[in-house]
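Undergrad: this is a predicted model, with the sequence first.
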Amino acid sequence: MQALTPDPRTPARPIALVNARLIDPASGLDALGGALIADGIVADLGPHIAAGAAGDAEIVDCGGRVLAPGLVDMMVFAGEPGHEHRETLATASRAAAAGGVTTIVCMPDTEPVIDDVALVDFIRRRARDTALVNVHPMAAMTKGLMGEEMAEIGLLRDAGAIAFGNGKTSLASAKVMRNVLAYAKDFGALIVHHLEDPTLAKDGVMNEGEVATRLGLRGIPSAAETIILERDIRLVELTGGRYHAGQISCRASLNIVRAAKQRGLPVTCGVSINHLTLNENDIGPYRTFFKMKPPLRSEDDRRAMVEGVASGDIDVIVSAHDPRGAEGKRRPFAEAADGAAGLETLLGAALRLYHNGDVALPRLLQALTANPARLLGLESGRLARGAPADLVLIDLDTPWVVEPERLCSKSKNTPFDSARLQGRALLTLVAGRLVYIYAAEPGR
């Protein structure tokens, strides 16, 4: 393994990853064996791929570690264009590669907003020239994210937009939302919506409840989320459009999604790794790195999110990667910007759920790989013959401490500052090219 050198500029050469635990959540595969990588795809797979039967391919002995599809992150606020001081596609892709993420979906909250064909084309070309991983733009579903005039969904989709959202702002107008869902249905487009009633959430900075009262901070009730979700599901029922709740954060929302799925509606949902592993008590002495949108909820709500992933009712886990500079975070809690960097810690934090016995590993990986790929219509997210060789080698047990200054992301606003995590990506491959290799420092 140490002989390999990450250099995505060189042509990918055949690689045989042997002595691995192969996990493919899409098919249910969980077995010992190896994978032969050639011409950017998984050329062969199974127990017969071994060191003595790999031809002239370079051999990588995985030492029994997990070989799985690379992670697909549906929610990344990259910053470029317009906020390159916070993050660029290049730095976001390096962070993704270090976290075992091989595909990222960039949110439309840029400056200018991704609501024009030229901006979609810019993101794709910029990513092609500078990014180490696959980058797909999510376009705005309303012009300027203003929630008033529907964007040209058909043209944007043809230009390469993989889904449509309104960024971190809920669409207040039910009429516009209905039109968006109905129009998107004609193109089979996926609508990804942020859930927060702007009137109920106005001036709120954290979850409404005892902790907010004790800290003297204005709260945001969970009803701000559920009201929008209930409305949207009624509109899905009316239009038949494909709908994905980008982030749910409370038990009531999970129950609403469950009921919608039981009625056969085309509704799915996601949850951020922050809402799976943290709660409102982590804010402690006004720690602004824990200020997020939606806000961190109660421990009961966090447990509900974990239960939802374990049961499969929550389809997707996202990093909600939202890099912020010191000027946005080093302020009083009520004035600080919301958001947290998360690409590099997504996998390690998610493995907490596995090590705690809360979620089985295949189910956890399914929410990080196969499910988001399926929703987005991507060929990745699978470990199978003929699938793209977007893969990650995971050591489930290696301990590490999150040190913000070592993160690849340009901004270091991680809520996992100094957290002790267990498990991380050792190798990340995109189209058969090695884009990341973990090298532990001596004595660590």
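TA: Structure received. Numbering: from 1, shown residues only.
Undergrad: where does the prediction get shaky in the stretch 301-444 of the chain?
TA: For the stretch 301-444 of the chain, the stretches with pLDDT under 70 are 440-444.
Undergrad: what about the residue of the chain most remote from its centre, which SS state?
TA: Residue farthest from the centre of the chain, counting by Cα atoms, centre = their mean, is Gly52 at 37.7 Å. The three-state label given to Gly52 by DSSP: H, G, I helix; E, B strand; the rest coil is helix.
Undergrad: give the contact list for Thr151.
TA: Not quite, residue 151 is Ala, not Thr. Residues in contact with Ala151 (Cβ atoms under 8 Å, 6 or more residues apart in numbering) are 115, 139-143, 164. Just so you know, the C-beta spots here come from the backbone N, C-alpha and C atoms, and that holds for glycine as well.
Undergrad: just the pLDDT at it, thanks.
TA: On pLDDT, Ala151 comes in at 96.
Undergrad: and the gap between it and Ala304?
TA: For Ala151, the distance to Ala304 (Cβ to Cβ, to the nearest Å) stands at 34 Å.
Undergrad: check Ala20 too.
TA: In this view, Ala20 and Ala304 are 34 Å apart by Cβ to Cβ.
Undergrad: ok, Ala320 next?
TA: Counting by Cβ to Cβ, the gap from Ala320 to Ala304 is 18 Å.
Undergrad: who has more neighbours, these two?
TA: Neighbour count, other Cβ atoms under 10 Å: between Ala320 and Ala304, Ala320 has more, with 29 against 23.
Undergrad: does that one touch Asn274 like I think?
TA: Yes: the pair Ala320 and Asn274 passes the contact test of Cβ atoms under 8 Å, sitting 6.4 Å apart.
Undergrad: need the overlap of contacts for those two.
TA: Shared contacts of Ala320 and Asn274, defined by Cβ under 8 Å, 6+ apart, comprise 292, 340, 342.
Undergrad: tell me if I'm right that the last one and Ser272 touch.
TA: Yes: in terms of Cβ under 8 Å, Gly342 counts as a neighbour of Ser272; the distance is 7.4 Å.
Undergrad: what touches both of those two?
TA: Residues within reach of Gly342 and of Ser272 at once, by Cβ under 8 Å, 6+ apart, are 319-320.
Undergrad: contacting residues for Thr102?
TA: Counting by Cβ under 8 Å, 6+ apart, Thr102 touches 69-72, 96, 133-134, 380, 390-392, 428-430.
Undergrad: for the stretch 51-200 of the chain, give me the ranges with low pLDDT.
TA: Those would be 54, if you go by pLDDT under 70 across the stretch 51-200 of the chain.
Undergrad: which stretches in it count as helices?
TA: Along the stretch 51-200 of the chain, counting by DSSP state H, counting those that start in this stretch, helices occupy 89-98, 117-130, 153-159, 174-187, 198-201.
Undergrad: how about the nearest residue to Leu376, chain neighbours excluded?
TA: Ile162 (5.3 Å; Cβ to Cβ, 6 or more residues apart in numbering).
Undergrad: before we move on, what about Arg263?
TA: Glu237 (7.6 Å).
Undergrad: how about Val135?
TA: Spatial nearest neighbour of Val135, chain neighbours left out: Ala127 (3.5 Å); criterion: Cβ to Cβ, 6+ apart.
Undergrad: equivalent analysis for Ile233, please.
TA: Ala260 (4.8 Å).
Undergrad: and that neighbour, that's in a helix?
TA: Yes: under three-state DSSP, Ala260 sits within a helix.
Undergrad: and it, how many neighbours does it have?
TA: Counted with other Cβ under 10 Å, residues neighbouring Ala260 total 23.
Undergrad: now do His48
TA: Neighbour count of His48, defined by other Cβ under 10 Å: 11.
Undergrad: please apply the same query to Phe122.
TA: With other Cβ under 10 Å as criterion, Phe122 counts 17.
Undergrad: can you check Glu58 too?
TA: By the measure other Cβ under 10 Å, the count of residues near Glu58 is 14.
Undergrad: which ones are touching Arg385?
TA: Counting by Cβ under 8 Å, 6+ apart, Arg385 makes contact with 42-45.
Undergrad: actually Ser319, not the one I wrote
TA: Applying Cβ under 8 Å, 6+ apart to Ser319 gives the contacts 73, 75-76, 99, 101, 272-273, 342-343, 345-346.
Undergrad: what about the residue nearest to Leu376, distance to Pro137?
TA: Using Cβ to Cβ, one obtains 7 Å as the distance from Ile162 to Pro137.
Undergrad: likewise for Tyr438?
TA: Remark: distance between Tyr438 and Pro137 (Cβ to Cβ) = 29 Å.
Undergrad: check the secondary structure at His244 for me.
TA: Here His244 is recorded as strand under three-state DSSP.
Undergrad: from here on, call the first residue 35.
TA: Happy to do that; since the first residue is 35 now, the last one works out to His278.
Undergrad: I'd assumed Thr302 was in contact with it.
TA: Yes: assessed by Cβ under 8 Å, His278 is found in contact with Thr302 at 4.8 Å.
Undergrad: what touches both of those two?
TA: Listed as contacting both His278 and Thr302 by Cβ under 8 Å, 6+ apart are 349-350, 409.
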